[in-house]
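Chemist: show me the folded form of this:
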Amino acid sequence: SYGIYTIYHTSSNISYNNIDNAGGGGTNATSTLYGIFASTSSAGGNLVINNNSIKLSQGSTSLANCIHIAPVCLSINVNNNTFSYGAFASTTTSYLINCNNNTNIVTVHNNQTVGAITKTGVGQFEGYYNVGTTTGGIATISNNDFSNITLTGASTFYGIRHSSSLTQVAVITNNTISNISGGSSPLYGIFQGNGATGNTINGNSVFNFTGSGAIHGINVGNSNASASLGVYNNTIHSLTTSGASAVYGIHSNLGTANSIFKNKIYNLEANNASGVVYGIYLIGGTTNTVYNNLVGDLRTPIANAAI
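Modeler: Residues are numbered from 1 along each chain as shown. Below is the predicted model of the structure:
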């Protein structure tokens, strides 16, 4: 089922719509469900998806994506949309915004969840997703708020996952990912990989995560080493696992030149005998510069492992 479906259009503008499949006498979906689906196009042009209100109710185990963008465009703008769910029984990976394509210029700004989202089916859930193969440009992901989400069982969560190419600059700024309750699988606030010189992850707030799996506030430098990456002025706090897992405030994997500074990280806890907590964890990178961070209140109250 599709609230809005476009195909073979150039420079579509999909804006100011109210989509609610179970509203007005409707019922929960019994198969694959999309709020807005922009399908393939021979010339994507400048795609705009702005100011829509999308509420999905999925009664089956099939996916439920609020916005799905398939075509390669000159530019993509996804701004000021709101997302909510009624029934959410999906066991298939689902997304608020699936922008997984090869568009070089992408802006995703001021989108937000409304109310509580409870996913009763076991399956991955992501706020924003893009691991397309771009050839340049810039992706700006800013001022989004993906919060108040409850998952169950082995359901991995990504608030923002962007890992396009080594030629596209990623700017991930001033987003809020908060109040996430998970099960046994990992939870990621922000997950970044690849990227050209000028990548920045700054001014984001990631807080109030609970689960029994690993928890990552901000995880950067995945897939391939970024040419340069700045991670600064982020606030990460109140991340707690009850399992034999690790909690990471900032987890840095790869990078040619990484600068991690002026971040505030506190109130991280692994409440398990085998739990581990890391304020800032560096596992790779050619040159890592880490300075002027405030890291405190790291706890493993019943563990004999590391902090």
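Chemist: with residue 74 as the reference, measure out to residue 146.
Modeler: With distances taken as C-beta to C-beta, to the nearest Å, residue 146 is found 27 Å from residue 74. C-beta coordinates here come from the backbone N, C-alpha and C atoms, glycine included.
Chemist: more neighbours: the two, which one.
Modeler: Using other C-beta atoms under 10 Å, the more surrounded residue of residue 146 and residue 74 is residue 146, with 27 against 15.
Chemist: just checking, the more buried one touches residue 129?
Modeler: No. With contact defined as C-beta atoms under 8 Å, residue 146 does not reach residue 129; the gap is 11.4 Å.
Chemist: partner residues bridging residue 15?
Modeler: The partner list for residue 15 in beta bridges (DSSP bridges) reads residue 50.
Chemist: could you report the neighbour count for it?
Modeler: The tally of other residues near residue 15 (other C-beta under 10 Å) stands at 14.
Chemist: doesn't residue 36 make contact with it?
Modeler: No. Proximity of residue 15 to residue 36 does not meet the contact threshold set by C-beta under 8 Å, at 10.2 Å.
Chemist: which strand or helix spans residue 207?
Modeler: In this structure, residue 207 sits in strand 205-211 according to DSSP states H and E.
Chemist: that strand pairs with which strands?
Modeler: strand 176-181 (parallel), strand 235-241 (parallel).
Chemist: can you redo those strands as TSV with distance to residue 54, mean pLDDT and mean neighbour count?
Modeler: Output for the strands paired with strand 205-211, formatted as TSV (distance: least, C-beta to C-beta, whole Å; pLDDT from 0 to 100; neighbours: other C-beta atoms under 10 Å):
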stretch	distance to residue 54	mean pLDDT	mean neighbour count
strand 176-181	19	98	21
strand 235-241	28	98	22
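Chemist: need these in a markdown table (columns: distance to residue 49).
Modeler: Written out in a markdown table, the entries for the strands paired with strand 205-211 read as follows (distance: least, C-beta to C-beta, whole Å):
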| stretch | distance to residue 49 |
| --- | --- |
| strand 176-181 | 21 |
| strand 235-241 | 29 |
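Chemist: these: which one's closest to residue 116?
Modeler: Minimum separation from residue 116 across these (C-beta to C-beta) falls at strand 176-181, 8.5 Å.
Chemist: so the closest residue to residue 5 other than its chain neighbours bridges to which residues?
Modeler: Excluding its sequence neighbours, the residue lying closest to residue 5 (C-beta to C-beta, 6 or more residues apart in numbering) is residue 37, at 4.9 Å. According to DSSP bridges, residue 5, residue 68 are recorded as the beta-bridge partners of residue 37.
Chemist: strands along the stretch 201-307 of the chain, start to end?
Modeler: According to DSSP state E, counting those that start in this stretch, the stretch 201-307 of the chain carries its strands in the segments 205-211, 215-222, 229-232, 235-241, 246-252, 257-261, 264-270, 276-282, 287-291, 294-299.
Chemist: and the last one, how far from the chain's centre?
Modeler: Just to be clear, that refers to strand 294-299. What separates the centre of strand 294-299 from the centre of its chain is 24 Å, taken as C-alpha atoms, centre = their mean, to the nearest Å.
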